[in-house]
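In: next come a sequence and a model predicted from it.
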Amino acid sequence: MKMRNPPVNSLSLEFLTELLISLEKLENDKTFRGIIITSDCPGIFSAGLDLLEMYGRDPAHCAEYWKAVQELWLRVYLSNLVVIGAINGISPAGGCLLSLSCDYRVLANNPKYAIGLNETLLGIIAPFWFKDVLVNTIGHRAAERALQLGFLFPPSDALQVGIVDQVVPEDQVQSTARSVMAQWLAIPDHARQLTKNLVRKPTADRLLQQRDADIQNFVRFISRDSIQKSLHVYLEKLKQKKG
Ligand SMILES: CCCCC/C=C\C/C=C\CC/C=C/CC(=O)SCCNC(=O)CCNC(=O)[C@H](O)C(C)(C)COP(=O)(O)OP(=O)(O)OC[C@H]1O[C@@H](n2cnc3c(N)ncnc32)[C@H](O)[C@@H]1OP(=O)(O)O
């Protein structure tokens, strides 16, 4: 599955909806047993959630957007398919969450391709379920530091901390992902799926038990004047970077 939402594969409401529909189709087609998620945008896996869906929007739109973000995460995280991330670009915040929700992550060895939950650098916070997935992946102490400081790990550090499983030369990302897929597909589906569910369900359940409250918390938080100001400053910085 090659994500294509130029210029930066930001996860807009429309793009999230497209991804959800594609995933649903693949899940329902019993000829598919696994997917490799990668990017069609050179150098960018995904710029994460689309800031323009959260900036200057009314509460109803923010609520609709957050519901779609939850939905995509639950679908990828709990997918019955083997999900491999072939991460061929930078993947901050929501892009990192998408990567973390795969069963295995292969990252291209390019110092620009940093990965991490950098929300604090934007003056916002990672929701509890982003945090849970990071803690599950790299452990409590490493997650505590990474989240507070908004670390974006370059490939060597990403491998060392365990936020990705493998770092390979850029031209070998897809072939490595395919080899890994073959290894995972050698396991009987029912045994692998039940095991995945056993490991992941408690984390997903924490959100499933309070989805509406999570949406309300998001809307309240993102609508604050101070948070809207932070987003404005960050978006301006992105513009100025262009010169
Ligand atoms: C106490 C109670 C608490 C309750 C809490 C509840 C919930 C928690 C609340 C909020 C959580 C919200 C979670 C958010 C997670 C996220 O994913 S936020 C997004 C984080 N993403 C980033 O920081 C990446 C930003 N982008 C970049 O760094 C760069 O763009 C890039 C990806 C490195 C690419 O660089 P490049 O030079 O190639 O391109 P440009 O920078 O020129 O960008 C081109 C174009 O795209 C726009 N853009 C970039 N990223 C985004 C984005 N994420 N969303 C929207 N638009 C984006 C950029 O502005 C440019 O636009 P243009 O100038 O109009 O061309």
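Out: Done, it's in.
In: point out where this protein drops to low pLDDT.
Out: In the predicted model, the chain carries pLDDT under 70 at residues 243.
In: so V83 makes contact with T38?
Out: No: in this structure, V83 is not within contact of T38 by CB atoms under 8 Å, at 11.5 Å. Any C-beta I mention is one placed from the backbone N, CA and C, and that applies to glycine too.
In: higher neighbour count, those two?
Out: V83 (24 against 20; other CB atoms under 10 Å).
In: for the host helix or strand of that one, packing partners?
Out: Using DSSP states H and E, V83 sits in strand 82-87. Counting contacts by 3 or more CB pairs under 8 Å, 6 or more residues apart in numbering; DSSP states H and E, strand 82-87 packs against strand 34-39, helix 94-100, strand 104-108, helix 173-185.
In: and the next helix or strand after that strand, C-alpha only, in CSV?
Out: Downstream of strand 82-87, the first helix or strand assigned by DSSP H and E is strand 89-92. The C-alpha trace of strand 89-92 is given here as CSV (Å, rounded to 0.1, in the frame of the first residue of the first chain):
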residue,chain,number,x,y,z
GLY,A,89,11.1,8.8,4.7
ILE,A,90,10.7,11.0,7.8
SER,A,91,7.8,10.0,10.1
PRO,A,92,7.0,12.4,12.9
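In: only the buried residues of strand 89-92, if you could.
Out: Using 16 or more other CB atoms under 10 Å as the test for burial, strand 89-92 gives G89, I90, S91, P92.
In: helices of the chain, residue ranges please.
Out: 13-28, 59-77, 94-100, 128-138, 140-149, 155-161, 173-185, 189-208, 211-223, 225-241 (DSSP state H).
In: now those in CSV, with distance to the ligand and mean neighbour count?
Out: Output for these, formatted as CSV (distance: least, CB to the nearest ligand atom, whole Å; neighbours: other CB atoms under 10 Å):
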stretch, distance to the ligand, mean neighbour count
helix 13-28, 11, 15
helix 59-77, 8, 18
helix 94-100, 3, 27
helix 128-138, 7, 19
helix 140-149, 12, 15
helix 155-161, 15, 18
helix 173-185, 18, 16
helix 189-208, 11, 13
helix 211-223, 4, 15
helix 225-241, 4, 12
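In: just put those in JSON lines and tack on distance to M1.
Out: Output for the helices of the chain, formatted as JSON lines (distance: least, CB to CB, whole Å):
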{"stretch": "helix 13-28", "distance to M1": "6"}
{"stretch": "helix 59-77", "distance to M1": "10"}
{"stretch": "helix 94-100", "distance to M1": "11"}
{"stretch": "helix 128-138", "distance to M1": "20"}
{"stretch": "helix 140-149", "distance to M1": "27"}
{"stretch": "helix 155-161", "distance to M1": "22"}
{"stretch": "helix 173-185", "distance to M1": "11"}
{"stretch": "helix 189-208", "distance to M1": "18"}
{"stretch": "helix 211-223", "distance to M1": "25"}
{"stretch": "helix 225-241", "distance to M1": "27"}
